[in-house]
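[1] The following comprises the amino acid sequence and a computationally predicted model.
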Amino acid sequence: MNFSAFRKNLLRALVGACFVFSLVWIEPAMSARADAPDAAPDVLVQNDGAVFQAETTARHFSPPYRGTGKRTMSERATTFGADEGDAQVRDHTHSSIIGPDERRPVKNSARYPSRAIASIKMRFSDGAYLCTAWFIGPDTLATAGHCVYDPYLQEFAQVIRVFPGRDANGAPFGKARSVKFATTQCWIKSGSPDCDYGVIQINKNLGETVGWFGFGWEGTDNKLLNHKVTLRGYPGDKSPYGTDWTMGGALEQLTQTRVGYSIDTFGGQSGSPVYAKYAFPEGTCKPCVLGIHGYAVGVNPFLTRNSGVRITRQVFQNMLAWRDQ
């Protein structure tokens, strides 16, 4: 995402990765199985310090909703002012272009599912930063953990603002403000990429208008490996900032907790949904998020691929229960 100390540590990792590349490192396509027994359940910690423990569920996915698409007076077009424009994207080590840049601009961010993806602005004690998030319910979004909590500053964001379907300096569905947000206890204590995800509740039911994504977990690696996905969000290297960009690819590498892909990304796209059409035991989910983008090439064991948190059973249960509480 941002933060100088975090950037320095990841930069060292990337330099090390470049050295490994010079030795012609060949990485495995699959390094762990997600249908292995779950590790100790991880809990969510809210920005007010409250701890949230999700109950188990037999469900594999939560269905998507297209939204009405109708804009009311409270969801009218918003233009970005000075306080919305002072944020920066400094998390360049979180994302990378692999070969030629194959991302494409989204032609109409007000169409579903793009309108269910939001540009978000987080304010921390050292400044304001930008990420991507996506709706999972009427007033709830998911994103990367480092977009809501900085383990190096050891603090949650002070406030998060949400702009669904943003198109450069325009926000066709208005804006919302965070009520509360949370990330995993694992991310807070360890800063591990394996548990780097978070959730945000806002002060408006904008999801009823813009819709929300389905999301679900698949425990069998060979069903996910090579599955075609799309990664879409708000990169900081495109001008003007605040335009939605998209690219497709495949899930090329898996671990029990993460997914890897050769999809081009850049700072600002942390928190972007990695989604596809997917058939679960209970039915088909489209669009369905299978991962949450967060990292660049070189973050072990994804030495030649970008990566993000995998929606596992534990991640799914935490997101679902926190949304529905």
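    Okay, I see it.
[2] Neighbouring strands - and their directions - for the longest strand belonging to the chain?
    Ranked by residue count, the top strand of the chain under DSSP state E comes out as strand 283-295. Strand 283-295 has its sheet partners listed here by DSSP bridges as strand 214-216 (parallel), strand 273-280 (antiparallel), strand 306-310 (antiparallel).
[3] Now do the first one: everything it contacts.
    Strand 214-216 has contacts (CB atoms under 8 Å, 6 or more residues apart in numbering) with 60-64, 136, 142, 278, 280, 285-290, 311, 316, 319. C-beta: built from backbone N, CA, C; applies to glycine.
[4] ok, 6 Å please
    60-64, 280, 285, 288-289, 311 (CB atoms under 6 Å, 6 or more residues apart in numbering).
[5] Then the longest one?
    Contacting residues not belonging to strand 273-280 are listed as 60-61, 134, 213, 216, 229-231, 285-291, 293, 308 [CB under 6 Å, 6+ apart].
[6] go with 8 Å
    Under the contact criterion CB under 8 Å, 6+ apart, strand 273-280 has outside partners 60-61, 113, 117, 134, 142, 213, 216, 218, 227-233, 251, 259, 261, 263, 284-293, 308.
[7] Got a quick PyMOL command for the buried subset of those?
    Of the contacts of strand 273-280, the buried ones can be selected in PyMOL as follows, counting by 16 or more other CB atoms under 10 Å:
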select buried, resi 60+61+113+117+134+142+213+216+218+227+229+230+231+232+233+251+259+261+263+285+287+288+289+290+291+292+293+308
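[8] Next SSE downstream of the helix or strand that Ala182 is a member of?
    Element membership of Ala182, judged by DSSP states H and E, is strand 176-184. Proceeding N to C from strand 176-184, the next assigned helix or strand is helix 185-190, under DSSP H and E.
[9] and that next one, what does it pack onto?
    On a contact count with 3 or more CB pairs under 8 Å, 6 or more residues apart in numbering; DSSP states H and E, helix 185-190 meets strand 44-46.
[10] Ala321 looks like it's in a helix, true?
    Yes - assessed by DSSP: H, G, I helix; E, B strand; the rest coil, Ala321 belongs to a helix.
[11] Flag the shaky bits of this structure, pLDDT-wise.
    Screening the chain residue by residue with the criterion pLDDT under 70, one finds the ranges 1-40, 73-74, 76-77, 79-95.
[12] what residues are up against the residue nearest to the spatial centre of it?
    When the chain is reduced to its mean C-alpha position, the nearest residue by CA atoms, centre = their mean turns out to be Gly271, at 2.0 Å. Applying CB under 8 Å, 6+ apart, one finds that Gly271 lies in contact with 120, 131-134, 142-144, 147, 198, 233, 292-294.
[13] Next, format the residues you listed as a markdown table and append distance to Tyr241.
    Shown next, in a markdown table, are the contacts of Gly271 (distance: CB to CB, whole Å):
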| residue | distance to Tyr241 |
| --- | --- |
| Ile120 | 13 |
| Cys131 | 12 |
| Thr132 | 12 |
| Ala133 | 16 |
| Trp134 | 18 |
| Ala142 | 22 |
| Thr143 | 17 |
| Ala144 | 18 |
| Cys147 | 16 |
| Gly198 | 22 |
| Gly233 | 12 |
| Ile292 | 21 |
| His293 | 18 |
| Gly294 | 19 |
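[14] Which ones among these lie within strands?
    With strands taken from DSSP E, the overlap with those comprises 120, 131-134, 142-143, 198, 233, 292-294.
[15] Could you identify the most distant pair in those?
    Within those, Gly198 and Gly233 form the most distant pair, 14.9 Å apart (CB to CB).
[16] Who is Pro105 paired with across the strands?
    If you apply DSSP bridges, the partners that Pro105 bridges to are Trp245.
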